[in-house]
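S.K.: Here is a sequence together with a model predicted from it:
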Amino acid sequence: MFHVVLYEPEIPPNTGNIIRLCANTGTCLHLIHPLGFRLDDAKLRRAGLDYREWADVQEYGDLDEFLERIRPERLFALSTKGRRCYADADFRPNDALLFGPETRGLPESLLASLPESHRLYVPMKPESRSLNLSNTVALVLYEAWRQNRFSGAVRFG
Ligand SMILES: C[S@@+](CC[C@H](N)C(=O)[O-])C[C@H]1O[C@@H](n2cnc3c(N)ncnc32)[C@H](O)[C@@H]1O
C-alpha cells in the first residue's frame with residue numbers, strides 16, 4: 001500500500017477527487033493541516049461521493065507528526081522543481097508521495113531537506129506552469145501501483 005500525503009491542500013474538489021482515487025486504489029490518504037476547507041464541505045463530499053466512507057483518510061497537525069506516526073519507507077516529494085522524472089523512480093510498498101498546495105507548491109525548505117532522487121517532477125512542455133493537483137496525484141499513484149503490478153486489484157492481466 002502507498003501513502004498519499006497532501007500538504008495544506010486548499011481546494012475542496014481536488015481533495016474530493018483524491019479521496020475517491022485513494023478509495024479505488026487501496027491507498028491511505030493523509031492530510032497535513034491547515035486545510036483550506038472543512039472535511040464536511042459539501043463541494044468536497046460531492047467530488048468524493050460515497051467513496052469517502054471507504055477511503056482511509058487521516059489528519060495531522062504538521063508533516064513531522066505524519067512521519068512519526070506512519071514511518072513511511074521513503075518520502076517522495078512532487079514538485080515542478082523536482083530533479084528526477086517520476087517515471088524513473090522505483091516505488092515500493094509503504095512509500096509516501098507528498099504533494100503541495102494548489103497556489104503555493106511545497107516550501108523550498110522542505111524540498112531542500114530531501115535527497116534529489118526523492119524530489120520528483122512530471123514532465124511538461126516548456127513555459128508550462130503546473131498540472132492540476134488531483135491529476136498529478138493520479139498520474140504518480142498509478143505509476144507507483146503499475147510498478148507493483150497493481151497489487152490487490154481485481155481484473156489485472
Ligand atoms: C497546482 S500545483 C502548485 C503550483 C506551484 N506554483 C508550484 O510550482 O509548485 C500543486 C501541486 O501539484 C503537484 N504538481 C503539479 N504539477 C507538477 C509537475 N509538473 N511535477 C510535479 N508535481 C507537480 C505538486 O505537488 C504541486 O505542489
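M.R.: Sure thing, it's come through. Residues are numbered from 1 along each chain as shown.
S.K.: Any regions of the chain where pLDDT drops low?
M.R.: The chain contains residues with pLDDT under 70 at 47-54, 156-157.
S.K.: ok, which stretches of this structure are strands?
M.R.: With strands called from DSSP state E, the chain shows them at 3-7, 28-32, 56-60, 75-78, 84-85, 96-99, 119-121.
S.K.: Identify the neighbouring strands of the shortest one in the sheet and state each direction.
M.R.: Using DSSP bridges, strand 84-85 pairs in its sheet with strand 119-121 (parallel).
S.K.: residues in contact with the strand it pairs with?
M.R.: Applying Cβ atoms under 8 Å, 6 or more residues apart in numbering, the contact partners of strand 119-121 are 76-86, 89, 111, 140. (Glycine included, C-beta is placed from N, CA and C.)
S.K.: re the thing from before, dump the strands of the chain to JSON lines, plus mean neighbour count.
M.R.: Listed next are the strands of the chain as JSON lines, based on neighbours: other Cβ atoms under 10 Å:
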{"stretch": "strand 3-7", "mean neighbour count": "24"}
{"stretch": "strand 28-32", "mean neighbour count": "21"}
{"stretch": "strand 56-60", "mean neighbour count": "16"}
{"stretch": "strand 75-78", "mean neighbour count": "22"}
{"stretch": "strand 84-85", "mean neighbour count": "13"}
{"stretch": "strand 96-99", "mean neighbour count": "25"}
{"stretch": "strand 119-121", "mean neighbour count": "21"}
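S.K.: As JSON lines, the ones you listed with distance to L67 would be great.
M.R.: As requested, these are exported to JSON lines (distance: least, Cβ to Cβ, whole Å):
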{"stretch": "strand 3-7", "distance to L67": "9"}
{"stretch": "strand 28-32", "distance to L67": "10"}
{"stretch": "strand 56-60", "distance to L67": "9"}
{"stretch": "strand 75-78", "distance to L67": "7"}
{"stretch": "strand 84-85", "distance to L67": "21"}
{"stretch": "strand 96-99", "distance to L67": "8"}
{"stretch": "strand 119-121", "distance to L67": "16"}
